[in-house]
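Novice: Need a 3D model of the following:
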Amino acid sequence: MSETLAETWEQELVTAGVTRGQLQEARTTLQMLLEDRFGALPASLGERIQQIEELEHLRATIRQVSQLTALSDLRL
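Specialist: Numbers count the residues shown, from 1 in each chain. Below you'll find the model as predicted:
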């Protein structure tokens, strides 16, 4: 029984680590795309991006970038 609990706990830790990595990669991608398109970002926008905790929200925002005409059009 304890071996199963240990395996489950280990898997949960691995999953949490993968999720954190995916979130950070999506944040980095979003910031890079925005910087490529609009130049240096305001620090407040970078902070807001770093606070997003939902991967799908980040992915949807990344999809917006190619359609933006101004940084102020970004919906976070």
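
Novice: so what does the helix ranked longest in the chain touch, helix or strand wise?
Specialist: If you go by DSSP state H, the chain has its longest helix at helix 2-38. If you count contacts as 3 or more CB pairs under 8 Å, 6 or more residues apart in numbering; DSSP states H and E, helix 2-38 packs onto helix 43-51, helix 55-64. Yep, even glycine has a C-beta here, placed from its N, CA and C like the rest.

Novice: From Ser66, how far off is Arg37?
Specialist: Distance, Arg37 to Ser66, by CB to CB, to the nearest Å: 8 Å.

Novice: Of those two, which one has the most company?
Specialist: For the pair Arg37 and Ser66, the greater number of neighbours falls to Arg37 (13 against 8), based on other CB atoms under 10 Å.

Novice: dump the residue contacts of that one.
Specialist: With contact taken as CB atoms under 8 Å, 6 or more residues apart in numbering, Arg37 is in contact with 65, 68.

Novice: pLDDT weak spots in the protein?
Specialist: 1-3 (pLDDT under 70).

Novice: The longest helix of the chain versus helix 55-64: what angle between them?
Specialist: Relative orientation of helix 2-38 versus helix 55-64 (axes from the mean of the first three to the mean of the last three CA atoms, to 10 degrees): 20 degrees.

Novice: Next, the buried residues of helix 2-38.
Specialist: For helix 2-38, burial by neighbour count (16 or more other CB atoms under 10 Å) applies to 23, 26-27, 30, 33-34.

Novice: Arrange those in CSV, one row each, with distance to Pro42 as further columns.
Specialist: Formatted as CSV, these follow (distance: CB to CB, whole Å):
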residue, distance to Pro42
Leu23, 21
Ala26, 20
Arg27, 16
Leu30, 14
Leu33, 16
Leu34, 10
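
Novice: Show me which of these is closest to Glu56.
Specialist: Using CB to CB, Ala26 is the member of the buried residues of helix 2-38 that sits closest to Glu56, with 9.5 Å.
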